[in-house]
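A.B. asks: 3D model of this:
(one chain, ligands or ions: 2)
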Amino acid sequence: MQTAGRTLVSLLELNGVDRVFCMPGESYLELLDALADSSIDTVTARHEGSAGFMALADGRLAGRPGVFTVSRGPGATNASIALHSAQQDGLPLILIIGQVPRNQLNRDSFQEVDYQQMFGSVAKWVAEVTDPERLPEVITRAFTVAMQPTPGPVVISIPEDLLEIPMDPPQAPLPAFTKTAYAPEPTQITRILELLGQSERPLIVAGGEFVSDDDRQLLQTFAEKHHIPVAVGFRRHGVFPNQHPLSAGDLGIGTTPEQQANFEQADLILALGTRLNDWTTLGYQFPASPWPKQAFVHVSADASTIGKNVQPTIGMATYGPSVVRALLSADANTSDKLAPTPGRRAWAEKLAAYAAQRLVWKPRRYDDGVAFGNVLTALAEQLPETTSMVPDAGISAALVYRYFPFGGPRRLYSTISGVMGYGVPGAIAIAMREPQRTVVCLVGDGSFMMTGTEIAIAVERKLPVRIVVSNNRSLGTIRMHQEKQYPGRSEASDLPGPSFVQFAQAFGCQAFSIDKDEDIHAALEAAMKVDGPVLIEVNASLTSITQS
Ligand SMILES: Cc1ncc(C[n+]2csc(CCOP(=O)(O)OP(=O)(O)O)c2C)c(N)n1
Ligand SMILES: [Mg+2]
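C.D. replies: Numbers count the residues shown, from 1 in each chain. Ligands and ions are numbered 1, 2, ... in the order given. Okay, the predicted model is just below:
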């Protein structure tokens, strides 16, 4: 016999969990105690939101949901930001909450919250365990639900007293949770190849389901074989190299009207592994809603998104990579690269030329600081191929999406939700999983001030994260919109702040500053040599934001 708290930890281990992120609370002491005796690495964050951001980032890389634990009421309320991001990003996340004891449930007791009501519209599933014997079923189901078909957040509430009840250890095979296969339908594969054969101007819209390096390579092989230009979905730049001759750029905030007009010339759209959100569809205009102007194939693991806003010629509720794999093997007898028709070659060249021209940053100078794009360009030159880029929200992130070259094995770990505060904790969690890669966080001063205290973990664990703070002393993105709509007025968006160099040093983190353009190269070079975490504060121009 062991306590239910220990059983819970055994169940996490059985489901492949080797790390959890937490902010402790008195409502789950037995779980914390059991973690101490387990194989699981427990990371204490300084705020539940950050613990959630770390788990969110961890869930992208671990092959199972990221897991974080928080206390009831206030703790759970703070945690909610990460659940929303997990939902928008389609990332697997499990939140475990220490709930009030069972004899206090439904009595408005101290810090009690009804989590079904609170998180019901954000989480894929919310469950409260009131019988310890059901822990194995509920926890394992949480992993299954969080992982598929489209990953997302799950919330499990466990009353404090339940954790202390003695019970038998779980007996389960490994891995404990199910990974369901969603096989593509062979007749539809044949039909897609027929449509492709008839198409002169095909376009792939590639979404976030191309997660692994293998899947991304598969997409590239397929695009190259048939000479199909690829536009990546909103903030999915890592899915296809943006300097590739078949790159058509990205769909989203930065798509210009001319680019959209070009995309609309496509006679076949293959939307692969994407839920086609509002940004990726350019405000539900591309493909035209509800009936596209061209043949349209929509492949998404999330069946509910197919035919939601746009009616496809072919809809397939399965994973994008599995369809690409099936398409490649269905015509495996043809050569690796088919000769494109002149029309298709010209089409791809036109889209790629436009996208390539959008990638070029022209250096700029301002009197009130450095244009952050100048720093980004220097970073792009200095950073190795094995860079993992973790942008927060704000101008620096927008510049990454527009200008940063994602060639070869460079990876992007952004948020679809555009949430402030993800950058520092996200980069820390990624650095724990990718010790062999260069992990870079780009973050604005406002966003850094939300979760920058997590730098303490990077110092404690000597994680070599490179944190670049774009300090424009403003909530610059909001200021940019204010300048457009309320010129000359900046109510609430000015943001006096500390010296971020001194802030980092107070935590024991090495720090450098870039005050003017001439400092960029030396500061970046010195920062890259640091063994352990490093912060670079950029005195960023605010006037540049309305001109970039
Ligand atoms: C949690 C959260 N709160 C508010 C916003 C709205 N918002 C988007 S960008 C931004 C300003 C970000 O400021 P900063 O991090 O300094 O970056 P900058 O835009 O100045 O580069 C705000 C307030 C958000 N995205 N997320
Ligand atoms: Mg700012």
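A.B. asks: With adjacent residues omitted, what lies nearest to whichever residue of the stretch 201-350 of the chain sits closest to ligand 2?
C.D. replies: Nearest residue of the stretch 201-350 of the chain to ligand 2 (C-beta to the ion) works out as residue 253 at 17.5 Å. The way it works is simple: take the backbone N, C-alpha and C, and place the C-beta from them, glycine included. Among residues not flanking residue 253 along the chain, residue 279 sits closest, at 6.6 Å (C-beta to C-beta, 6 or more residues apart in numbering).
A.B. asks: Kindly report the same for residue 302.
C.D. replies: Residue 302 sits nearest to residue 150 (C-beta to C-beta, 6+ apart), 4.0 Å away.
A.B. asks: Test my guess that the one you found contacts residue 301.
C.D. replies: Yes - the criterion here is C-beta atoms under 8 Å, and residue 150 meets it with residue 301 at 5.3 Å.
A.B. asks: These two - which one has more neighbours?
C.D. replies: Taking neighbours as other C-beta atoms under 10 Å, residue 150 and residue 301 compare with residue 301 leading, 24 against 21.
A.B. asks: Next up, the contacts around the residue of the stretch 201-350 of the chain closest to ligand 2.
C.D. replies: Neighbour list for residue 253: 234, 279, 398, 401 [criterion: C-beta atoms under 8 Å, 6 or more residues apart in numbering].
A.B. asks: how about the residue nearest to residue 302, what does it touch?
C.D. replies: 90, 275, 300-302.
A.B. asks: at 6 Å instead, please
C.D. replies: 90, 301-302 (C-beta atoms under 6 Å, 6 or more residues apart in numbering).
A.B. asks: quick one, phi/psi of residue 299?
C.D. replies: phi -120, psi 120 (degrees, to the nearest 10).
A.B. asks: hey, what's it bridged with?
C.D. replies: residue 272, residue 316 (DSSP bridges).
A.B. asks: tell me the pLDDT at residue 548?
C.D. replies: At residue 548, the model reports a pLDDT of 54.
A.B. asks: And residue 213, by the same measure?
C.D. replies: Value listed for residue 213 in the pLDDT field: 87.
A.B. asks: Next: the one 5 residues further on.
C.D. replies: According to the predicted model, the pLDDT of residue 218 comes to 96.
A.B. asks: can I assume it is in contact with residue 324?
C.D. replies: Yes - with contact defined as C-beta atoms under 6 Å, residue 218 counts as touching residue 324 (5.1 Å).
A.B. asks: Please identify which of these two sits among more neighbours.
C.D. replies: residue 324 (26 against 19).
A.B. asks: dump the residue contacts of the more buried one.
C.D. replies: Residue 324 touches 218-219, 222, counting by C-beta under 6 Å, 6+ apart.
A.B. asks: Backbone dihedrals for it, please?
C.D. replies: Main-chain torsions, residue 324, degrees, to the nearest 10: phi -60, psi -40.
A.B. asks: which neighbours do residue 150 and residue 301 share?
C.D. replies: Among the neighbours of residue 150, none is also in contact with residue 301 (C-beta under 6 Å, 6+ apart).
A.B. asks: Give me the subset of the contacts of residue 324 that lies in strands.
C.D. replies: Using DSSP state E, no member of the contacts of residue 324 falls in strands.
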